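Undergrad: predicted model follows, preceded by the sequence.
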Amino acid sequence: MRLEKCWFCSSTVYPGHGIQFVRNDAKIFHFCRSKCHKNFKMKRNPRKVKWTKAYRRLHGKDMTQDSTFEFERKRNRPERYDRNLAENTLKAIKKIDKIRSDRASGHIKNRLKTGKVQRQKEARKQLELGIHLVKAPLALAQDSSLCLPKIKVNVSQTQTEENQPMEE
Amino acid sequence: MVQYNFKKITVVPNGKDFIDIILSRTQRKTPTVFHKGYAISRLRQFYMRKVKYTQQNFHEKLSTIIDEFPRLDDIHPFYGDLRHVLYNKDHYKLALGQINTARNLISKIAKDYVKLLKYGDSLYRCKSLKVAALGRMCTVIKRIGPSLAYLEQIRQHMARLPSIDPNTRTILICGYPNVGKSSFMNKITRADVDVQPYAFTTKSLSTAVLFFLDISGSCGYSIAQQAALFHSIKSLSMNKPLIIVCNKTDLQPLDGISEEDRKLVMEMKAEAMKTVIGQGSEPTNEEGVLLTVSTLTEDGVIAVKNAACERLLNQRVEFHVALPKPRDQKERPACIPQAVLETKAKQAAEKEKRKTEKDLEDENGGAGVYSASLRKNYILSNDEWKEDIMPEILDGHNVYDFIDPDILLRLEELEREEGLRQEEEEGDDFEMDGQELSPEEQEALAEIRKKKSMLIQQHRMKKSTAESRPVLSSLGLDPSLAINRARSKSRGRKRERSVDRREGDDGDAMDIDDNQASKKLRLRSTSWSRSRSRPPSEVVPGEGLKDSAQKVNAIKLAKKSVLKRNKNARRGEADRVIPTLKPKHLFSGKRSIGKTQRR
C-alpha cells in the first residue's frame, strides 16, 4: 500500500480514492479526484493552472529546494526489519514534518513581507497627509502626535462618593 | 520420420482439359463487359489484365504439379528404387523438366505480349494481341500433353501404394507366386491380404527376409527354378537375417525330396547361415535358419514367425559397454567421499522426521481455521521482532520512503541547521517591529479613511446624472429602467442646459443621509405627490423640417394620431404580430427524412 501523488495537483492520493490512468507507453498517471482527471483530459498544463502545486513551485509561491525533501525518497531496495530503526524513523518523520512546514510558512511570510512593508509605508503616509481631516489644526499644534484628539469629559464629584460604599 | 503419403498429390489434368479450365477461369474472373469508346489506357489495361491473369494461373498450376511430385533424390531410397523399377527414373525426370520449361515459356510469352500491349493504339489491335498471347500459351500446353498424361498415370499408381514406413523393421516374405506366401500371411495375421506383386530391393530396409520354398512343386515351379531365384535375390539380401521356409510340407515332407533338390536346399541353407554369422557372435542353431511349415495344417507357422522376429530384434541390439578386464582378484568398488555419505544419511533422516506446514494445519483445525504464520521463519537480528507490526503510512507520508540506516545522524544535522535558521529569523523580526503603527495611530488612520470615503460619497451624490435628476421619481415612478436605458445610449446628448435648470430646484430637496449609503436609492420622498407638467423639451430643427416650430407641430400631430389607439390599448405598427399562427406547410404533410413526432 502506498500513498501516491496526484499528477495534476500534487496532493496525496489515499487508497480508495482517485483514478489511475495507464497510457500506451506504460506511463502511469494518478489523480486524486475527478477535477484533476478532467483537467488532464482537457490537456491542461498543470504548470499554468493556478491552484496546483506545480504552478506554485514554478512561480516561487512555495518552497522548492530544501534539505527536508532529501529525507523522503522512493527506495527500491527493501531493508531488513529493525525495530530500533523503525522507531527512530517514525519519530524522525514527525520532526522532519514540523521543520518542513515551519520552513514553508517562513518562505511564504518572507514573500509577503515586501508587500507588508509597502502597505505600512502607505498607511503612514496617508496618516500624515490626512490627519487634518480628523484633527483640528489647533489640536495638532498642541499635541503633535498623529492620533485622534483626546476628548475631555467632565465627571461630577457626587457620583464617585456614592460608588465608594459599593467597592467595599 | 516422414510418412510418405502419395494420395495427397493433386490431379494432373490432361492437356485439353488444362487449357479449358484456365481459359474459362480467365473468362469468369476478369471483367468482360467492354466498350470501344473507353479511354485507350483503360482498354490496354483490360487486355493486359487478361493476359497476365492467364499466365498467372498457368504458372500456379504447373508449379503445384512440379512441387507435389517428389524428386527421386530427395526421398528415401526405397521409394526411389521402387519408383525406378515401376516407371523409368529418366522418363519421370524428363516429364517434370518439360513441365518446368513450359512454365517458363508461358511466363516469357506473357511478358512479351504485355510489353506490346502497352503500345496498342486501338481496341482491335489490343484484342488481337491478347488473342495471340493466349493462343501461344495454349499451344505450349498442348505440346506437353503427353507428359501430363504420363504424370497422371504415375500419380494414380502411387496413390494406390500403401504408405510404408521404411525405417521400421519389416519382414519380407518372398518367393515365387503360388508358393503360399499370402496364405502364410493369412495364417499369421488373420487378415485378408491382397496379393501385392512387388519386385523391389531390400538394400535399404531393416528387414528380415523369409524366403518361401515350395517343396512339393505344386506352384508350378520346380525346386531348381526356385533355387535359381533365391540365388539371384540373395545378393540383395546381404547382411539381413535370412530364413528359408519350406512350405507345403503336408504334400511333401522335407526328407522325402530328391538328392539334387536336397543339395540345392542345403546350398540355400548355407547362404542363410552366412547371414547369421555376419550378425555377431551369436550361437546359431540350424533350426533358426531352415524351417518347415505347412500353412494348411498350420504346422510350424508360429515357429517361423517367432524365429523371424527374434532375428530382427537381435539384429538391433548393438550396444557394448566397455568394461576393463580385471587383471587380478582385488575388489575395486566405487569411491564415495565420506562427507557425501554423511549428508545423504542426514537428508534421509530429515525427510522422515520433519514436520510440514500441512501437518501443522491439520493439527490446528484444518484449512479454514488455522492460518499459517508467515513470519515465523524470518531472519532478523533479534527474534523478538518477528511479530512486530510496522505502519506503512504516517501523516500522509510513506514510511518506507524515510527508512535510512543513518537517519538519526541526518536528523541531528537538520535540527542544528534549524536552530541556526530560527535565530536568524528572530533577528529579522526585531527589525520589522519599528515600522508598525501604534494603536492610536491606527485608530486615527481608520477615522481618516472613513471620512474620506464619506466625502467621496457626497461628491458622487452631488454629481448630476440621470439618477440624480428626479424626473420620474417626482412622478412616483421607478427611474431605474430609464437610468439603464440612458446608460446604454451614447453620451453625446446635450443635457447641460436642462441639468442647470434642474439644479436650483433640487438642491435643497436633496438630503445627504449617511445611513443611506447606496447612491441609487435617491428617490424623492413619495409624500410629495405634486405632479409636474413636463416643460417643452428642446427641439432641434432638422430631419426635413425647416424650423423648430414646424418640428414641434409635426411632433404634436404624430402624438395626436397615436393617442386614441394607445388609449384603447390597440395593437400598433411597432407591436409584433404573427399574421398566421398555424401555417399549413408547417403543420401538415409527410416528412421526406425523419419522423413526424414533432413539427
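TA: Nice, thanks for sending it over. Numbers count the residues shown, from 1 in each chain, chains lettered A, B, ... in the order given.
Undergrad: wait, doesn't A:Gly60 sit right on A:Arg111?
TA: Yes: in this structure, A:Gly60 is within contact of A:Arg111 by CB atoms under 8 Å, at 7.4 Å. C-betas here are computed from N, CA, C, even on glycine.
Undergrad: quickly note the distance from B:Met185 to B:Asn88.
TA: With distances taken as CB to CB, to the nearest Å, B:Met185 is found 31 Å from B:Asn88.
Undergrad: can I see the domain layout of chain A?
TA: A:1-60, A:63-72+A:82-132 (the TED database).
Undergrad: thinking again about what came up before, which one of A:Gly60 and A:Arg111 is surrounded by more residues?
TA: Higher neighbour count among A:Gly60 and A:Arg111: A:Arg111, with 13 against 10, using other CB atoms under 10 Å in any protein chain shown.
Undergrad: for chain A, which segments count as helices?
TA: Applying DSSP state H to chain A gives helices spanning A:34-41, A:53-58, A:68-71, A:83-134, A:137-142, A:157-167.
Undergrad: nearest to B:Lys567, out of these?
TA: When those are compared by CB to CB, helix A:83-134 sits nearest B:Lys567, at 57.6 Å.
Undergrad: can you name the element that comes right after whatever helix or strand B:Val245 lives in?
TA: Element membership for B:Val245 (DSSP states H and E) is strand B:242-247. Beyond strand B:242-247 in the direction of the C-terminus, DSSP H and E gives the next helix or strand as helix B:259-277.
Undergrad: what lines up beside the helix or strand following that next one in the sheet?
TA: Per DSSP H and E, the first helix or strand lying C-terminal to helix B:259-277 is strand B:290-292. Sheet pairing of strand B:290-292 (DSSP bridges) gives strand B:242-247 (parallel).
Undergrad: count of neighbours near the residue in chain B that chain A sits nearest to?
TA: The minimum distance from chain B to chain A, using CB to the nearest CB, falls at B:Glu440 (3.6 Å). Using other CB under 10 Å, B:Glu440 has 13 other residues around it.
Undergrad: do the same with A:Arg73
TA: A:Arg73: 9 neighbours (other CB under 10 Å).
Undergrad: retrieve the pLDDT associated with it.
TA: Here the pLDDT value assigned to A:Arg73 is 89.
Undergrad: grab the nearest non-local neighbour of it.
TA: Distance criterion CB to CB, 6 or more residues apart in numbering or on different chains; nearest residue to A:Arg73, sequence neighbours excluded, is B:Asp401 at 6.0 Å.
Undergrad: repeat for A:His107
TA: Excluding its sequence neighbours, the residue lying closest to A:His107 (CB to CB, 6+ apart) is A:Met63, at 4.3 Å.
Undergrad: ok, longest strand in chain B?
TA: Assignment by DSSP state E gives strand B:207-214 as the longest strand of chain B.
Undergrad: next helix or strand past it?
TA: Assigned by DSSP H and E, the successor of strand B:207-214 is helix B:223-234.
Undergrad: can I get that next one in CSV, CA atoms only?
TA: Output in CSV follows, covering the C-alpha atoms of helix B:223-234 (Å, rounded to 0.1, in the frame of the first residue of the first chain):
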residue,chain,number,x,y,z
ILE,B,223,12.8,-76.5,-56.7
ALA,B,224,15.7,-75.9,-59.1
GLN,B,225,13.9,-72.8,-60.5
GLN,B,226,13.2,-71.6,-57.0
ALA,B,227,16.7,-72.1,-56.0
ALA,B,228,17.8,-70.1,-59.0
LEU,B,229,15.5,-67.3,-57.9
PHE,B,230,16.9,-67.5,-54.5
HIS,B,231,20.5,-67.1,-55.7
SER,B,232,19.6,-64.2,-57.9
ILE,B,233,17.9,-62.5,-55.0
LYS,B,234,20.4,-63.3,-52.4
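Undergrad: rewinding a little: ok, how many other residues are close to the residue nearest to A:Arg73?
TA: If you count neighbours by other CB under 10 Å, B:Asp401 ends up with 16.
Undergrad: I figured it hits A:Glu72, correct?
TA: Yes: B:Asp401 is within contact range of A:Glu72, at 4.9 Å (criterion: CB under 8 Å).
Undergrad: show me the domain layout of chain B.
TA: According to the TED database, chain B comprises the domains B:15-160, B:170-315.
Undergrad: weakest of those domains in terms of mean pLDDT?
TA: Ranked by mean pLDDT, those end with domain B:170-315 at the bottom, a mean of 70.
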